[in-house]
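Peer 1: Fold the following, please.
(one chain, ligands or ions: 1)
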Amino acid sequence: MASYDVIIIGAGPGGYVCAIRCAQLGLKTAVVEGRATLGGTCLNVGCIPSKALLHASHMLHEAEHNFAAMGLKGKSPSVDWKQMLAYKDDVIGQNTKGIEFLFKKNKVDWLKGWGSIPEAGKVKVGDDVHEAKHIVIASGSVPASLPGVEVDEKIVVTSTGALELGKIPKSLVVIGAGVIGLEMGSVYARLGAEVTVVEYLDAITPGMDAEVQKTFQRILKKQGINFVMGAAVQSVETLKTKAKVHYKLRKDDSAHQLDADTVLLATGRKPYTDGLGLADLGVEITKRGQIATDDHWQTSVKGIYAIGDAIEGPMLAHKAEDEGMAVAEVLAGKHGHVNYGVIPGVIYTHPEVANVGATEESLKDQGRAYKVGKFSFMGNGRAKAVFAGDGFVKILADKETDRILGAHIIGPAAGDLIHEICVAMEFGASAQDLALTCHAHPTYSEAVREAALACGDGAIHA
Ligand code: FAD
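Peer 2: Predicted coordinates for the structure are as follows:
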């Protein structure tokens, strides 16, 4: 048994970042992780492996679609799926080992095994009970289930199974047009699968700016992805090597079915708190199964905190990381802070999609007067040079004060471009502040400046 200032349960981006910051602030820190490697969902079966497969499949797409136009001729590469998976696993390994290194460097102990909290101030791992002044739960999330759909991770898979399929399916049905479904759908569409996305709602990526939703869906359709919208999946029937997806169209209740080699269930994720003993401790849980916390991430039980996917808010790695750092500051007697109004969201398809802050729809609901500055990547020389003219930057600013309220980008490197606007928003900048900032030419970020100019007297290249 050992005694710590802080024990964190879970070594995902919330937990490991929290641990490193706690150690940097002089707290004796340990992390409990039951998985064989550190890094949580994000590094093992989430953000990182999905981006590796997105990168590899995008390279193939470039070779097949754009190389000849640039005078690069010859046979396009064929896919060695085993090698692609090995590349993905290598990327995972480099990243998870990196966290192990950082733990050693910062003197964070890794308590290997599954942890529970027998009482406030104590964490049990295997037969050992450790003492901690503070406990931080960062136990993350797991894929949500859907009635009538039984996952076997072979034919009917979650994102975890989709990252290591035995072979590239000829046909893939994705249930749910959210971020994960569209990213993985893109991967397999580029690798040659016939991909059909079945979505309950009438628009893809719920909650996003409606104009982006429409443009994004149009581009994905052009890339060969099929969509069945307004469809409620009733069940998935698995045969030996195939599946049948039964759904009903919401508009007329008519029943339909789709055959597929593989079905990806991507209807979201739910907090994971199994085995922690929260009910016995009296830790309050929200109606949606999240651990309830106060403004300082403390649960209803004193000394027990929670962060990341296990609590309320967007299920994003960087949101978990920010909370991890903030709670470490709180535990060290400092002032931890997360600005939930400026958390970017990114979809790593091609083109990328990124957003931060308010959507037009939410501003309309609030009755807030706003103006829109929009600029198409067709007017951006750099984007046109690399076949990436599809998409736009849209900045929303307060009509009176010109303060930036939100931004929505679909286009090349959108996931990086969005941060210029995040920083501007953190500093309370106006669209004019962005417009007056010199942007290097030729860069994609000129499109951000042009959209900011469009909030005022007008863009130059529109
Ligand atoms: P997790 O990363 O889920 O980590 C929790 C850890 O706690 C796990 O390792 C688990 O084993 C451990 N644990 C749980 N209970 C116990 C216990 N009792 N004892 C010991 N250990 C325990 N987010 C992005 O921001 N960008 C992306 O591009 C992105 N892509 C994604 C792609 C996919 C396919 C998926 C599935 C997710 C993606 N996400 C992405 C979401 C992101 O992975 C999560 O938001 C993030 O991992 C949450 O971090 P966390 O620290 O809260 O929990």
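Peer 1: how far away is L72 from the ligand?
Peer 2: With the distance defined as CB to the nearest ligand atom, to the nearest Å, L72 ends up 30 Å from the ligand. For the C-beta atoms, the positions are set from N, CA and C on the backbone; glycine is no exception.
Peer 1: That residue sits in which helix or strand?
Peer 2: L72 is part of no helix or strand when elements are defined by DSSP states H and E.
Peer 1: Next: A36.
Peer 2: No secondary structure element spans A36, as it lies outside all helices and strands (assigned by DSSP H and E).
Peer 1: Could you give the number of residues near it?
Peer 2: Around A36 sit 8 other residues, with neighbours defined as other CB atoms under 10 Å.
Peer 1: residues touching the residue of the stretch 201-350 of the chain found nearest the ligand, list them.
Peer 2: In the stretch 201-350 of the chain, the residue found nearest to the ligand is G308; the distance is 2.2 Å by CB to the nearest ligand atom. When the contact criterion is CB atoms under 8 Å, 6 or more residues apart in numbering, the partners of G308 are G10, G12, P13, G14, G15, A138, S139, G140, K319, A320, E323, G324.
Peer 1: how deep is the last one tucked in, by neighbour count?
Peer 2: Looking back up the chat, that one is G324. Around G324 sit 28 other residues, with neighbours defined as other CB under 10 Å.
Peer 1: looking at it, it is touching G12, isn't it?
Peer 2: No: with the criterion set as CB atoms under 8 Å, G324 and G12 do not qualify as a contacting pair; they are 9.1 Å apart.
Peer 1: what bridges to I137?
Peer 2: With DSSP bridges as the criterion, I137 is bridged to I9, A306.
Peer 1: Now do it, the pLDDT please.
Peer 2: With respect to pLDDT, I137 scores 98.
Peer 1: surely it meets A306?
Peer 2: Yes: the criterion here is CB under 8 Å, and I137 meets it with A306 at 4.2 Å.
Peer 1: Next one, pLDDT for Q94 please.
Peer 2: pLDDT recorded at Q94 is 98.
Peer 1: Which secondary structure state does G161 sit in?
Peer 2: Classification of G161 by DSSP: H, G, I helix; E, B strand; the rest coil places it in helix.
Peer 1: Could you measure from it over to the ligand?
Peer 2: 11 Å.
Peer 1: G26 - that's part of a strand, no?
Peer 2: No: G26 is assigned coil when assessed by three-state DSSP, not a strand.
Peer 1: that older thread, which residues are in contact with both of G324 and G12?
Peer 2: In terms of CB under 8 Å, 6+ apart, G324 and G12 are both contacted by the residues A138, G308.
Peer 1: Averaged pLDDT, stretch 378-387. What do you get?
Peer 2: The predicted model assigns stretch 378-387 a mean pLDDT of 97.
Peer 1: Return only those of the contacts of G308 found close to the ligand.
Peer 2: Residues of those in contact with the ligand (CB under 6 Å from any ligand atom): G10, G12, P13, G14, G15, A138, S139, G140, A320.
Peer 1: Adding neighbour count and distance to F216, write these out as TSV.
Peer 2: TSV is the format used below for the ones next to the ligand among the contacts of G308 (neighbours: other CB atoms under 10 Å; distance: CB to CB, whole Å):
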residue	neighbour count	distance to F216
G10	31	32
G12	31	28
P13	30	26
G14	32	28
G15	30	32
A138	31	31
S139	31	32
G140	26	27
A320	30	25
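Peer 1: in terms of contact, does Q298 touch I304 like I think?
Peer 2: Yes: using CB under 8 Å, Q298 is in contact with I304, at 7.2 Å.
Peer 1: Comparing those two, which shows the higher neighbour count?
Peer 2: When Q298 and I304 are compared on other CB under 10 Å, the one with more neighbours turns out to be I304, at 25 against 18.
Peer 1: Which of the ones next to the ligand among the contacts of G308 fall in helices?
Peer 2: Among those, DSSP state H puts P13, G14, G15, A320 in helices.
Peer 1: and which of those is nearest P77?
Peer 2: Relative to P77, the closest of these is P13; by CB to CB it sits at 32.9 Å.
Peer 1: all helices for this protein, in order.
Peer 2: In order along the chain, the chain carries the following helices (DSSP H): 13-24, 40-45, 47-65, 81-105, 159-162, 179-190, 210-222, 278-281, 317-331, 360-366, 381-385, 414-426, 431-435, 446-454.
Peer 1: Fine by me, thanks again.
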